[in-house]
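Chemist: prediction below, plus the sequence it came from.
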Amino acid sequence: MTRRACGASLRLQTAVPGAADLTLMTRTDTIVAAATPPGRGGVGIVRLSGPKVPELAAVLLGDLPPPRHLTFARFLDARAEPIDAGLAVFFPAPASYTGEHVLELQGHGGPVVIEALIARALELGARRAQPGEFTQRAFLNDKLDLAQAEAIADLIDAGSREAARAAMRSLQGEFSAMVRGLTEAVIELRSYVEAAIDFPEEEIDFLADRALAERFEALREHFAGVLQSARLGRLLREGMTVVLAGRPNAGKSSLLNRLAGYDAAIVTPIPGTTRDVVRERIAIDGMPLHVLDTAGLRLGGDAVEEEGVRRARAEIARAERVLFVIDAAADPAGNAWREERERLPGDVPVTLVLNKCDLTDSLEKPPAAIFQTSASLPGAEGAALAPCDTPPRLYVSARTGAGIGELRAHLKGCMGYQTVEGGAISARARHLESLARARACLEEAARQLTERRAGELVAEELRGAQQALNEITGEFTSDDLLGRIFAGFCIGK
Ligand SMILES: Nc1nc2c(ncn2[C@@H]2O[C@H](COP(=O)(O)OP(=O)(O)OP(=O)(O)O)[C@@H](O)[C@H]2O)c(=O)[nH]1
Ligand SMILES: [Mg+2]
């Protein structure tokens, strides 16, 4: 079944409003847009895609250029006067980016020239492209799957070399291959279970088979591996959320300001200065990080402070890492951490940051007595530690900047910068949700198997897992989701 046919059958089931004309539009429209950013530049590219391209090219250029050859041409207006002169290249369907006839005009990069070319194409029957519409057509024509299409937008939006590399890996199909591998393993398991259902007299024995339990176990591990890569990929793309928490006056706001490089939050010697959550987006070597400064955790403040503490706890629960800041001068034994660890959610990874080390000599001589079980630093090992169990610790001074380089390296390590074997792939929250849903189905299938030996229910859950995985590559995706994904692209891509 082609992807279009698949989309059409899904539309019948879901009756997505406004989606009915999508397939038709793709078949009949010719679209046009500038492929280079607005503004002045050496070269400006106008791109057209659709069935009318040969006809349009013949009028616009006086002749259709030979396929796939960069050809010098004048770009003509309605009176056959040149709007511009430059290079034209024609890619006949289906061997083009979109899978349709594509024409690219490379002219001089001025906004007036480019708009005049687009206007001429519109006169000749083309329509302005929506954001991402070229790539959407490529997807609908099976040129790439949905995860690859998203990787194109991620590559364009990449904020660091590492994020760009990750997007490139996804674009080349590495992530899709991982998901397909997982899907095949689910299908294999499903066939195995369905075979058991088809031979009911043997079903009980079959489902009790040790080999089946082992297959489930192998699939679980497979899932864990893909999820880990996808999580790291998402962090690279969307950034990790780091929450600064600790007692009042520990130096959380000072640390935020130090990491941001400017005065984002108010710092005073008065405990209880920060009340609301202060959010800053910062980059460490181009890797995005959302740092949240919060109210100091203590009991017995006024109503405003109480609300601040409540918000702080809510952010801590959502964090991808908590930097628990301790005033190393006032609390060298780390009592604040000992008291607070019980109240922190068990599944949030924590790093202890001993601040104000300019007031102690702990930068040179870390007080070994504080946390005997703590792990060494930086980064990678800490990221893999059991959450809140033996948190890694760092010594810094927000005032002098000592130890901040190590803290940055540690945060980079937590994002998987050094730990991903072969590098991360780029992934989005949408992918993680689908993976999580697929894994939940798998766990439910395993439960149905061990607790009830209910073959039909096992097969049904596995079918659910397969469907959730298919959403990642777009084998089974509703048109409104497609609309949302491609709307995030730039025009001309
Ligand atoms: N000597 C020294 N003082 C620091 C350091 N970091 C922060 N301070 C001081 O400690 C006091 C409290 O700092 P803040 O950054 O406001 O502390 P906080 O944890 O945000 O406090 P609350 O907002 O009240 O929870 C201020 O007077 C800072 O100048 C440091 O590394 N060394
Ligand atoms: Mg503060």
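Modeler: It's in. Ligands and ions are numbered 1, 2, ... in the order given.

Chemist: element containing the nearest residue to residue 295 once chain neighbours are set aside, please.
Modeler: Leaving out its chain neighbours, the residue that sits closest to residue 295 by C-beta to C-beta, 6 or more residues apart in numbering is residue 308, at 3.1 Å. No exception for glycine: its C-beta is placed from N, CA and C like everyone else's. Assigned by DSSP states H and E, residue 308 belongs to helix 303-318.

Chemist: name the residues that touch stretch 276-291?
Modeler: 159-163, 236, 238-244, 253, 256, 259-261, 264-265, 292-295, 308, 311-312, 315, 408, 411-412, 415, 417 (C-beta atoms under 8 Å, 6 or more residues apart in numbering).

Chemist: any idea how far apart the tips of it sit?
Modeler: Using C-alpha to C-alpha, to the nearest Å, one end of stretch 276-291 lies 14 Å from the other.

Chemist: can you pull the buried residues of it?
Modeler: Of all the residues in stretch 276-291, those buried under the rule 16 or more other C-beta atoms under 10 Å are 277, 278, 280, 282, 284, 287, 288, 289, 290, 291.

Chemist: any idea how many residues pack against the residue in the stretch 1-150 of the chain that ligand 1 sits nearest to?
Modeler: In the stretch 1-150 of the chain, no residue comes nearer to ligand 1 than residue 150, which is 38.3 Å away by C-beta to the nearest ligand atom. The tally of other residues near residue 150 (other C-beta atoms under 10 Å) stands at 30.

Chemist: hang on, it packs against residue 486?
Modeler: No - contact between residue 150 and residue 486 fails when scored by C-beta atoms under 8 Å: they sit 9.3 Å apart.

Chemist: next up, the contacts around the residue of the stretch 1-150 of the chain closest to ligand 1.
Modeler: By C-beta under 8 Å, 6+ apart, residue 150 lies in contact with 170, 426, 428, 485.

Chemist: against residue 437, how distant is the third one?
Modeler: Right, the one you point to is residue 428. 14 Å (C-beta to C-beta, to the nearest Å).

Chemist: do you know how far the residue nearest the centre of the chain is from ligand 2?
Modeler: In the chain, the C-alpha nearest the mean C-alpha coordinate belongs to residue 428, at 2.5 Å (C-alpha atoms, centre = their mean). If you measure residue 428 against ligand 2 using C-beta to the ion, to the nearest Å, the figure is 33 Å.

Chemist: residue 241 too?
Modeler: On the measure of C-beta to the ion, residue 241 and ligand 2 end up 18 Å apart.

Chemist: quick one: secondary structure of that residue?
Modeler: Per DSSP: H, G, I helix; E, B strand; the rest coil, the local secondary structure of residue 241 is strand.

Chemist: one step back: and the residue of the stretch 1-150 of the chain closest to ligand 1, which helix or strand is it part of?
Modeler: Assigned by DSSP H and E, residue 150 falls in helix 146-157.

Chemist: mind listing what's buried in that helix?
Modeler: Quick answer for helix 146-157 (16+ other C-beta under 10 Å): 146, 147, 148, 149, 150, 151, 152, 153, 154, 155.

Chemist: show me what from this protein comes close to ligand 2.
Modeler: Contact residues (C-beta under 5 Å from the ion) of the chain with ligand 2: 252, 253, 273, 274.

Chemist: just flag the most distant two among those.
Modeler: 252 and 273 (9.5 Å; C-beta to C-beta).

Chemist: from the chain's centroid, how far away is the longest helix seen in the chain?
Modeler: Counting by DSSP state H, the longest helix found in the chain is helix 210-238. Put simply, helix 210-238 sits 17 Å off its chain's centre (C-alpha atoms, centre = their mean, to the nearest Å).

Chemist: now do that helix, average pLDDT.
Modeler: Average pLDDT, helix 210-238: 87.

Chemist: again, but for stretch 330-338
Modeler: Here stretch 330-338 scores 92 as its mean pLDDT.

Chemist: mind checking the end-to-end distance for that stretch?
Modeler: Start-to-end, stretch 330-338 (C-alpha to C-alpha) is 15 Å.

Chemist: whether it contacts ligand 1 - can you check?
Modeler: No - for stretch 330-338, no contact with ligand 1 is found by C-beta under 6 Å from any ligand atom; the gap never falls below 9.4 Å.

Chemist: how close does residue 319 get to residue 348?
Modeler: For residue 319, the distance to residue 348 - C-beta to C-beta - is 5 Å.

Chemist: neighbour-wise, which of these two wins?
Modeler: Neighbour count, other C-beta under 10 Å: between residue 319 and residue 348, residue 319 has more, with 23 against 17.

Chemist: local confidence estimate at the residue nearest to that one when sequence neighbours are not counted?
Modeler: The spatial neighbour of residue 319 that comes closest, neighbours along the chain excluded (C-beta to C-beta, 6+ apart), is residue 243 at 4.0 Å. Predicted confidence (pLDDT) for residue 243: 98.

Chemist: same check on residue 260?
Modeler: 93.

Chemist: same thing with the one 5 residues further on?
Modeler: Predicted confidence (pLDDT) for residue 265: 95.

Chemist: ok, residue 448 next?
Modeler: On the pLDDT scale, residue 448 gets 89.

Chemist: okay but it is in contact with residue 459, surely?
Modeler: No - using C-beta under 8 Å as the test, residue 448 is too far from residue 459 to be in contact (9.3 Å).

Chemist: buried sites along stretch 85-96?
Modeler: Quick answer for stretch 85-96 (16+ other C-beta under 10 Å): 86, 87, 88, 89, 90, 91, 93, 96.

Chemist: same question for stretch 173-185.
Modeler: 173, 174, 175, 176, 178, 179, 180, 182, 183, 185.

Chemist: which residues sit against that stretch?
Modeler: Under C-beta under 8 Å, 6+ apart, the answer for stretch 173-185 is 145, 147-148, 151, 169-170, 218-219, 222-223, 226, 229-230, 233, 425-427, 431, 438, 466, 469-470, 472-473.

Chemist: show me which of these are buried.
Modeler: 145, 147-148, 151, 169-170, 219, 222-223, 226, 229-230, 233, 425-427, 431, 438, 466, 469-470, 472-473.

Chemist: just the strands in this structure please.
Modeler: Counting by DSSP state E, the chain has strands at residues 31-34, 41-49, 71-76, 82-91, 102-109, 127-128, 240-246, 278-284, 287-293, 321-327, 350-355, 393-395.

Chemist: for residue 134, find the nearest of those.
Modeler: Closest to residue 134 of the strands of the chain is strand 41-49 (C-beta to C-beta; 5.8 Å).

Chemist: so what touches the closest one?
Modeler: Outside strand 41-49, the residues touching it (C-beta under 8 Å, 6+ apart) are 30-36, 56, 86, 96-98, 100-110, 113-114, 117-118, 121, 126, 129, 134, 137, 492.

Chemist: so what strands line up beside that strand?
Modeler: strand 31-34 (antiparallel), strand 102-109 (antiparallel) (DSSP bridges).

Chemist: mean neighbour count and mean pLDDT for those - can I get that in CSV?
Modeler: Formatted as CSV, the strands paired with strand 41-49 follow (neighbours: other C-beta atoms under 10 Å; pLDDT from 0 to 100):
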stretch, mean neighbour count, mean pLDDT
strand 31-34, 24, 97
strand 102-109, 22, 97
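
Chemist: a markdown table for those, including distance to residue 198?
Modeler: What follows is those, written out as a markdown table (distance: least, C-beta to C-beta, whole Å):
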| stretch | distance to residue 198 |
| --- | --- |
| strand 31-34 | 49 |
| strand 102-109 | 48 |
